[in-house]
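Engineer: take this sequence and fold it.
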Amino acid sequence: MTELRSQALGLEQLLAELAPCDLVLVEGFRSEGNILRIEVRGPDESGPSPFKQDAAVIAVVGDDPADRALPRFGRDDVARIAVFIAERLDL
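Structural biologist: Numbers count the residues shown, from 1 in each chain. Prediction:
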């Protein structure tokens with residue numbers, strides 16, 4: 001992993017650097033392409049999800065009940081999150 005402070009590469013460029021890969025997890029890039037997302041909510045975040053209308057969000061991670069009809073996972077439920085991702089991507 002390398003942090004590039006001097007230049008901002010797009011998601012497609014970064015993925016090309018990692019090819020061939022079966023799965024890449026990224027943080028951010030909300031405005032770049034229609035990639036599937038898992039919304040992670042911090043312990044102090046409550047109320048409606050800011051990404052409530054984002055059809056690319058396929059699950060929510062957080063300990064606060066949400067107003068979304070999506071699969072939910074606790075913040076420490078790493079094994080179930082990994083299984084969800086693997087099943088969703090047919091890995």
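Engineer: low-confidence stretches in the chain?
Structural biologist: For the chain, the stretches flagged by pLDDT under 70 are 1-7, 33, 45-51, 65-68, 91.
Engineer: where along it do the strands fall?
Structural biologist: Using DSSP state E, the strands of the chain run over residues 37-40, 57-61, 72-73.
Engineer: what's the first one in contact with?
Structural biologist: Where contact means CB atoms under 8 Å, 6 or more residues apart in numbering, the residues beyond strand 37-40 that reach it are 30, 49, 51, 54, 56-62, 75, 81, 85. C-beta: built from backbone N, CA, C; applies to glycine.
Engineer: could you redo the last one with a cut-off of 7 Å?
Structural biologist: Identification of contacts with strand 37-40 by CB atoms under 7 Å, 6 or more residues apart in numbering yields S49, F51, D54, A56, V57, I58, A59, V60, V61, G62.
Engineer: for the biggest helix by length in the chain, packing partners?
Structural biologist: In the chain, assigned by DSSP state H, the helix with the most residues is helix 78-88. On a contact count with 3 or more CB pairs under 7 Å, 6 or more residues apart in numbering; DSSP states H and E, helix 78-88 meets strand 57-61.
Engineer: what is the strand it packs on packed up against?
Structural biologist: Looks like strand 57-61 contacts strand 37-40, strand 72-73, helix 78-88 (3+ CB pairs under 7 Å, 6+ apart).
Engineer: touching that strand from outside, list them.
Structural biologist: Contacts of strand 57-61 (CB under 7 Å, 6+ apart): 36-41, 51, 66, 68, 70-73, 75, 81, 84, 88.
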